[in-house]
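Colleague: 3D model of this:
(one chain, ligands or ions: 1)
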Amino acid sequence: MDHEVEKRAAGYKAASLIRDGMIVGLGTGSTAAYFIEALVQRIRQGLHIRAVASSRASAELARKGNIHVVDLNDVPKVDITVDGADEIDPLKRMIKGGGGAHVREKILAYASRELIVIVDETKCVSSLGKANLPVEILFFGSPSARFHLEERGYTGQWRTASDGSLFITENGNLLFDLHFDHPIKDPKEEHLKILQVPGVVDTGLFFDIAGRVIVGLADGSTKLL
Ligand code: 5RP
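Modeller: As a prediction, the model looks like this:
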């Protein structure tokens, strides 16, 4: 368990911004789990909301705490989604998908009036690229997709589950985790280059979508970017 104080502080601060009647998007990961924990506490104190989850794990956590979870297809718009990130740069560009949920997280973020990002300070970087960049790929023809990525100069490996088998996303696809031996100079250009390979569903690069960023600090306080 790493940076739990910071993650908790960010999650709890984000939960304090949620108002009665909102439809709230739930991100995925250990920081988002603190947000859900704090929301559950607020619901016990009388807050009424509905939530849309980006993963089964987050939906389960929410339901356990009596949060009313609804389907994204059944709501017109999500008011606020709160989610973590693996890396975020000064332009609020991000790498996400450490938890393997970035495709649903991106759809949920785009269906929301605001995406609030909650991170500990280690996630704030001057440029993206130290973290692996997850690319979700259809199983059909996946060796060919890998070949075409490698031909374009990318290196990486298929993500595996804890038992060594291939990791399968909730969309039934594979994840190819790219690693960069240098900072990513132009994330948008890389994203578009990767998307050109048939079979690629999406990358874990996010742009022009993060609203407020809440950074949890070691003393349990937060700062807002
Ligand atoms: C899951 C994600 C997470 O938000 C990201 O991996 C950060 O996770 P954590 O809060 O556990 O560090 O994108 O797909």
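
Colleague: touching the ligand at all, the longest strand seen in the chain?
Modeller: In the chain, assigned by DSSP state E, the strand with the most residues is strand 112-120. No - using Cβ under 6 Å from any ligand atom, we find that strand 112-120 stays clear of the ligand, coming within 7.4 Å at best. (C-beta placed from N, C-alpha, C; glycine too.)

Colleague: Spell out, range by range, the strands that occur in this protein.
Modeller: Using DSSP E, the strands found in the chain span residues 23-26, 50-53, 68-69, 78-83, 87-88, 94-95, 112-120, 133-137, 155-158, 174-179, 200-203, 205-206, 210-216, 222-224.

Colleague: ok now the second one, how far from the chain's centre?
Modeller: Put plainly, it is strand 50-53. Between the centre of strand 50-53 and the centre of its host chain there is 15 Å, according to Cα atoms, centre = their mean, to the nearest Å.

Colleague: tell me which strands and helices that strand is in contact with?
Modeller: Other helices and strands packing on strand 50-53, by 3 or more Cβ pairs under 8 Å, 6 or more residues apart in numbering; DSSP states H and E, are strand 23-26, helix 56-64, strand 68-69.

Colleague: Pick the most buried one from the strands of the chain.
Modeller: The highest average neighbour count among the strands of the chain, using mean count of other Cβ atoms under 10 Å, belongs to strand 94-95 at a mean of 30.

Colleague: What average pLDDT does that one get?
Modeller: Along strand 94-95, the predicted local confidence has a mean pLDDT of 98.

Colleague: May I have stretch 149-162 as CSV, with CA atoms only?
Modeller: As requested, C-alpha coordinates have been extracted for stretch 149-162 and formatted as CSV (Å, rounded to 0.1, in the frame of the first residue of the first chain):
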residue,chain,number,x,y,z
LEU,A,149,2.7,-1.5,-33.3
GLU,A,150,6.2,-2.9,-33.2
GLU,A,151,6.7,-2.0,-36.8
ARG,A,152,5.9,1.5,-35.9
GLY,A,153,8.6,1.4,-33.3
TYR,A,154,6.6,0.6,-30.1
THR,A,155,7.8,-2.0,-27.6
GLY,A,156,5.6,-3.6,-24.9
GLN,A,157,4.1,-6.7,-23.6
TRP,A,158,0.6,-8.3,-23.1
ARG,A,159,-0.7,-7.6,-19.7
THR,A,160,-1.2,-10.8,-17.6
ALA,A,161,-3.4,-11.6,-14.6
SER,A,162,-2.0,-12.7,-11.3
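
Colleague: buried residues in it?
Modeller: With burial defined by 16 or more other Cβ atoms under 10 Å, the residues of stretch 149-162 counted as buried are 149, 154, 156, 159.

Colleague: Please list the residues of this structure that sit near the ligand.
Modeller: Contact residues of the chain with respect to the ligand, defined by Cβ under 6 Å from any ligand atom, are listed as 27-32, 83-86, 96-102, 105.

Colleague: now, which of these lie within helices?
Modeller: Helix and strand membership here follows DSSP state H; of these, those in helices are 30-32, 102, 105.

Colleague: Val75: which of these is nearest?
Modeller: Lowest distance from Val75 to these (Cβ to Cβ) belongs to Glu105, with 16.4 Å.

Colleague: tell me the contacts of that closest one?
Modeller: Shown in contact with Glu105 (Cβ atoms under 8 Å, 6 or more residues apart in numbering): 27-28, 54, 83, 96-97.
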